[in-house]
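Chemist: Starting from these lines, generate the structure:
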Amino acid sequence: MQRTVVDGEADVTSVNILTGDRMVVRLSTPDHKEQKIRRFRRQFNLPKDAVDGLREAIVKSEKPPKQLQNEADQLAEKILNRRFPASPAIVKDARNKIRLKMKAKFKDDDSEMLDENLSQQIREEKERQMKNAVDKELKRSHFNWKPMEAASDEAALSYALARLAPNYAEVARVLEELHAVDGGDGGKWTPESVLDFGAGAGGAFWALNERYGESMREYTAVEANDHSSRTAMDIMRKRGSTSLVHGGVHFRRHLVPSLQTTYDLVIVHRTLIELASQDARFQLAETLWKRTNRFLILIESGLEDSFSALMDVRNFLLTMGTMLDREKTEELLKYHGKWNEVTARLLNEERISDYERFEIIREQLPSSVSLPTMLPTATVVAPCPHDLGCPKQAMSTPCPFSVRWSPIRADGKSGRANDDGTGEEQGVERDWTEARKKGVVYAHAQRSNIRIPKKGSMSFTILEKGVRAATENEPFPRILEMRKLHGHLNCDTCTAFKGLQRITVSKRAGELYTSLKQRRSGEIFPLHTEVLQSESDFDVFDASAEKVKKEKKMKNRLR
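Modeler: Take a look at the predicted model:
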């Protein structure tokens, strides 16, 4: 399959990462200008008001800054390696495997002969030692989950020192995905009410306040831990005042019981990991989805188990949003005069999926009619360009997104960063008088020749209420990984209907190559794609159907 470039269009080879099927894709520059310039910030630095608030809280703390920083460093390392709780069945299976492995390792024929003559007391002691050894090995294998909770104001402050900047950066990065959402009146969409469930130190608030300001009339933080709530409020106070930087901030320990209290935007940031089971996570997702007016944002770490748990919740909401209440659906079809033998058989057919049943019946009714589903219907806004199952989850590999921020330290040190965001810590002369007194350092305020960003990864999903709007062109792919090689670019992309595709673009593609080269992993693939030739039977069928559709349109025009 030869690559050709003619009139600003390039024909390139694309390979399905899972199946190996190849196809020829025509790349071209999209007509929509918004898609041309859609980029995401490279680095997210905590706003100055947040830095000042954290500094004031540290200055007033009874613990020395260096001790707070030491605890923050330990906590940051713990959070970095934290895993989701495994199910009881998985833990039991792992325990049995470790036990058998340890028995085989220390097995000795002579000792087994002696075991028969051991007293009950000695046997119990051996069993206790074996249990302790197995528990220790389980902890090494990350089967040591416990809910994280601040036991004091100082512990909450250490958490804020460790996580306020990265938490802000993660939410700020995700909010950039919503910047192109239409507000309905020609302007950009702005949430009037926001629910931050599991607010912690308030990192999400600073991202929201920076983007929406006073347009966000109400921000409700639900945080069950009083120490964390007090710390978050202290950081939010205006300098030299008891009032908060935003007049619409409210703190609650629990959700408002009434489902009538809803929010335009609901954020659940690194909170799913605090729940002990998948059922508890599904229950929380259902509760919050019912309180969502439009968007629900879920964010977790970039580890494989975090991504898998996040996808499970995403799939749960998508599935329940297309699972019909059959009795109510029958009544609805009868009301609109669509109840007949065909629809009756379709409604009770078990050989088709809930999604297929939902789509077929939806076509029988006016577009303004909402079908009765178990939960309100959801669509994926980002990062997936589709509402289907995630192929990355099927591969048991995560889909992480990189985020960079400037760290905050309270010990007068900062890290000289390498290109990958890592680096050794190094003291730097400060020009903040008050900060120098307590040793509080904000890395972003250092001399320009010191580069100290930190880099982390996260997985996220944004869900919107409602059915996905029909468009002429399919959504643009998402760049999962960009490899810039000599003379060409190699992109792994997630597409709307073609799965995971690996697209290679040569430097000979000119402006198309230049446009793609400016993009980074995690951003939108900036070029329009059209399949010209494919080895996949599905693509051949789609192409034939599209050809028939175009022929029908042409005939209608001639008439």
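Chemist: okay, CA-based contacts and neighbour counts for the rest of this
Modeler: OK.
Chemist: excluding its backbone neighbours, what's nearest Pro65?
Modeler: The spatial neighbour of Pro65 that comes closest, neighbours along the chain excluded (CA to CA, 6 or more residues apart in numbering), is Ala410 at 5.3 Å.
Chemist: so what's Asn167 up against?
Modeler: Contact analysis of Asn167 by CA atoms under 8 Å, 6 or more residues apart in numbering lists 203-204.
Chemist: Could you tell me the end-to-end distance of stretch 194-212?
Modeler: With CA to CA, to the nearest Å applied, stretch 194-212 spans 11 Å between its terminal residues.
Chemist: for stretch 337-356, that is, sorry about that
Modeler: Distances were taken as CA to CA; on that basis the terminal residues of stretch 337-356 are 21 Å apart.
Chemist: Need the residues that contact it.
Modeler: 319, 322-324, 326, 330, 333, 357, 361, 364-365.
Chemist: That stretch: which residues count as buried?
Modeler: 338-339, 343, 346-347, 354-355 (16 or more other CA atoms under 10 Å).
Chemist: Which of these sits closest to Val245?
Modeler: Proximity to Val245 was ranked across the buried residues of stretch 337-356 by CA to CA; first place goes to Tyr355, at 45.6 Å.
Chemist: What mean pLDDT does the helix or strand hosting that closest one get?
Modeler: When elements are defined using DSSP states H and E, Tyr355 is found to belong to helix 354-364. Here the mean pLDDT over helix 354-364 is 91, rounded to a whole number.
Chemist: beta partners for Val531?
Modeler: Under DSSP bridges, the beta-bridge partners of Val531 are Val25.
Chemist: what residues are up against it?
Modeler: Taking CA under 8 Å, 6+ apart as the contact definition, Val531 lies against 23-26.
Chemist: tell me the pLDDT at it?
Modeler: Val531 is assigned a predicted lDDT (pLDDT) of 89.
Chemist: State the distance from it to Ala10.
Modeler: When CA to CA is the yardstick, Val531 and Ala10 sit 12 Å from each other.
Chemist: list residues touching both of the two?
Modeler: By the contact definition CA under 8 Å, 6+ apart, Val531 and Ala10 are jointly contacted by Arg26.
Chemist: Count the neighbours of the closest residue to Gly203 other than its chain neighbours for me.
Modeler: Across the structure, with CA to CA, 6+ apart as the measure, the residue nearest Gly203 apart from its sequence neighbours is Tyr168 (4.3 Å). For Tyr168, the neighbour count with other CA atoms under 10 Å is 24.
Chemist: And Glu286, by the same measure?
Modeler: When counting by other CA under 10 Å, one arrives at 18 neighbours for Glu286.
Chemist: Need the per-residue pLDDT for it.
Modeler: According to the per-residue confidence, Glu286 scores 97 in pLDDT.
Chemist: To which secondary structure element is it assigned?
Modeler: In the assignment (DSSP H and E), Glu286 maps to helix 278-290.
Chemist: repeat for Arg404
Modeler: Element membership for Arg404 (DSSP H and E) is strand 401-405.
Chemist: Quick check: phi and psi at Pro400.
Modeler: Backbone torsions of Pro400, given as degrees, to the nearest 10, read phi -80, psi 150.
Chemist: wait, isn't it in contact with Ile479?
Modeler: No. At 11.4 Å, Pro400 and Ile479 do not qualify as touching, with contact defined as CA atoms under 8 Å.
Chemist: if I pick the closest residue to Ser396 other than its chain neighbours, what's in contact with it?
Modeler: Nearest residue to Ser396 in three dimensions, chain neighbours excluded: Glu304, at 7.2 Å (CA to CA, 6+ apart). For Glu304, the contact set (CA under 8 Å, 6+ apart) comprises 396-398.
Chemist: Now do the helices for the stretch 151-300 of the chain: every range, in order, please.
Modeler: Counting by DSSP state H, counting those that start in this stretch, the segments of the stretch 151-300 of the chain that form helices are 153-175, 203-212, 226-236, 278-290.
Chemist: End to end on stretch 197-208, go ahead and measure it.
Modeler: Distances were taken as CA to CA; on that basis the terminal residues of stretch 197-208 are 14 Å apart.
Chemist: same thing with stretch 52-71?
Modeler: Stretch 52-71 end-to-end distance (CA to CA) = 20 Å.
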